[in-house]
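Chemist: Sequence first, then the predicted structure:
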Amino acid sequence: MRTPVVMTLGMVLVPCGLLLNLTGTLTPGWRMVKGFLDQPVDVVLYQGLWDMCREQSSRDRQCAQWDEYKYFAANLVLLARALTVTSLATTALGLLLATIGVRCWQDIPHFVLAGISGFVLFASGLLSLIPVSWYNHFLADRDVLPAAPSPVTVEVGYSLVLVYLGSCLLLVGGFSLALSLAPWCEERCSRGRKAPASTVRRNSISTVYVDWPEPELTPAIKYYSGGLHRPRPAEHGATGKTKVGFPMPRPPPKAYTNPVDVLDGEKGASSHGMSSRSTQLCLSLPPCDSDL
């Protein structure tokens with residue numbers, strides 16, 4: 001049996017979402033802070049969930065920077081850490097269930113297990129989408145996410161975009177795998193709707209034979225036989241069923257005729273020793289040997 005399309009789509013999108021979420025969670029690029037007054041203009045500070053890096057002119061990059069404004073102690077950052085790690089663990093569990101359910105080594109997939117894995121993966125996508133959306137909403141709020149005061153500006157980092165895309169892929173892949181429950185649900189519903197044996201409806205008739213009446217023939221054909229017109233049944237009192245058709249005339253019976261009288265001269269002859277009885281017998285039969 002070929003793998004259904006919903007299973008194939010889910011097995012393609014889920015690993016991609018897991019890779020994007022893992023990359024976005026570990027990299028320090030959730031927020032970019034730049035425009036410091038006491039530092040060069042090209043200095044950019046990348047803030048993530050686990051690390052903070054300082055980059056200048058895309059050449060010099062230094063990580064494990066000192067957290068001056070207690071950024072990692074913010075409640076939103078701590079909650080985002082917990083939700084993203086939980087999402088990664090849930091994604092790994094759902095992918096394991098999907099691998100067993102979709103079966104790369106069996107002929108028939110396990111629809112129930114594949115459907116359950118779809119719900120698990122959909123939940124993991126929600127767990128990663130919630131912190132991303134929440135973080136993006138309070139991105140520039142310095143009371144929720146501490147940062148240096150103005151004129152320092154904050155912008156969205158690349159890690160936030162990666163986690164957002166990974167969450168969407170997990171949602172779509174999980175929903176696609178959850179559709180694997182459709183054949184199982186259809187089978188269960190058909191069992192519940194099955195009627196009792198006494199009320200089972202019989203199959204409809206596939207072939208119907210209709211005895212159509214034969215068309216009435218014209219008198220010229222119906223009452224013509226032997227080259228002569230015959231009277232209708234009503235004329236000669238016939239009450240039975242009349243024959244329908246056009247009978248062919250019968251040929252006359254075959255008879256032997258001999259135009260030459262081969263016995264001429266033998267009727268009165270007595271020298272041949274033939275009696276009158278023999279002569280009469282020979283005349284009444286087909287030609288005698290003497291004719292040949």
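Modeler: Nice, I can see it.

Chemist: now this structure, which segments are flagged as low pLDDT?
Modeler: Scanning the chain for pLDDT under 70 picks out 1, 58, 104-105, 192-212, 214-292.

Chemist: any chance you could map the strands in it?
Modeler: Counting by DSSP state E, the chain has these strands, from start to end: 31-34, 43-47, 52-56, 60-62, 153-156, 224-225, 228-229.

Chemist: Let's have the ones you listed in a markdown table, adding mean neighbour count and distance to residue 186.
Modeler: (Glycine included, C-beta is placed from N, CA and C.) Below are the strands of the chain laid out as a markdown table (neighbours: other CB atoms under 10 Å; distance: least, CB to CB, whole Å):
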| stretch | mean neighbour count | distance to residue 186 |
| --- | --- | --- |
| strand 31-34 | 20 | 48 |
| strand 43-47 | 21 | 50 |
| strand 52-56 | 18 | 53 |
| strand 60-62 | 10 | 56 |
| strand 153-156 | 15 | 45 |
| strand 224-225 | 16 | 69 |
| strand 228-229 | 10 | 73 |
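
Chemist: out of these, nearest to residue 13?
Modeler: strand 153-156 (23.6 Å; CB to CB).

Chemist: before we move on, the earlier item: could you dump the strands of the chain into TSV and include distance to residue 109?
Modeler: Formatted as TSV, the strands of the chain follow (distance: least, CB to CB, whole Å):
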stretch	distance to residue 109
strand 31-34	43
strand 43-47	44
strand 52-56	45
strand 60-62	47
strand 153-156	40
strand 224-225	77
strand 228-229	82
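
Chemist: Residue 131 is nearest to which of these?
Modeler: The nearest among those, by CB to CB, is strand 31-34 at 13.0 Å.

Chemist: what packs against that closest one?
Modeler: Counting contacts by 3 or more CB pairs under 8 Å, 6 or more residues apart in numbering; DSSP states H and E, strand 31-34 is packed against strand 43-47, strand 153-156.

Chemist: Relative to residue 143, which of these is closest?
Modeler: Here strand 153-156 is closest among these (CB to CB), at 12.9 Å.
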